[in-house]
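# from the sequence below, what's the structure:
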Amino acid sequence: MTEETKVTETEHDSPVATQELFARQEIVQFGQDDKQAGSAIGKMLALFFFYTVIAMTFVGLWTWYVTQK
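Next up, the predicted model:
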């Protein structure tokens, strides 16, 4: 590289943000919303698992019944 094409670190440094993107209250609210969403997702996954076990049991018993004829 020649002297003309060298890029120094300071040429591409981004300016320092002088203002926060979110207020402290908004950050706390984001945390609460994430907690609530995580809880809802966990409940849905548990429900879907329970449904799958019930459906698998029903189909297994039905298959066994049909093949015993």
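# now Asp34: how far from Val28?
11 Å (Cβ to Cβ, to the nearest Å). Any C-beta I mention is one placed from the backbone N, CA and C, and that applies to glycine too.
# so where's this protein shaky on pLDDT?
By pLDDT under 70, the low-scoring segments of the chain are 1-18.
# what number of residues lie near Ile54?
Other residues near Ile54 come to 10 when the count uses other Cβ atoms under 10 Å.
# helix or strand for Asp34, which one?
Assessed by DSSP states H and E, Asp34 sits inside helix 24-67.
# name the helices or strands packed onto that helix?
Where contact means 3 or more Cβ pairs under 8 Å, 6 or more residues apart in numbering; DSSP states H and E, helix 24-67 is not packed against any helix or strand.
# how far does that helix sit from the chain's center?
Using Cα atoms, centre = their mean, to the nearest Å, the mean C-alpha position of helix 24-67 is found 15 Å from that of the whole chain.
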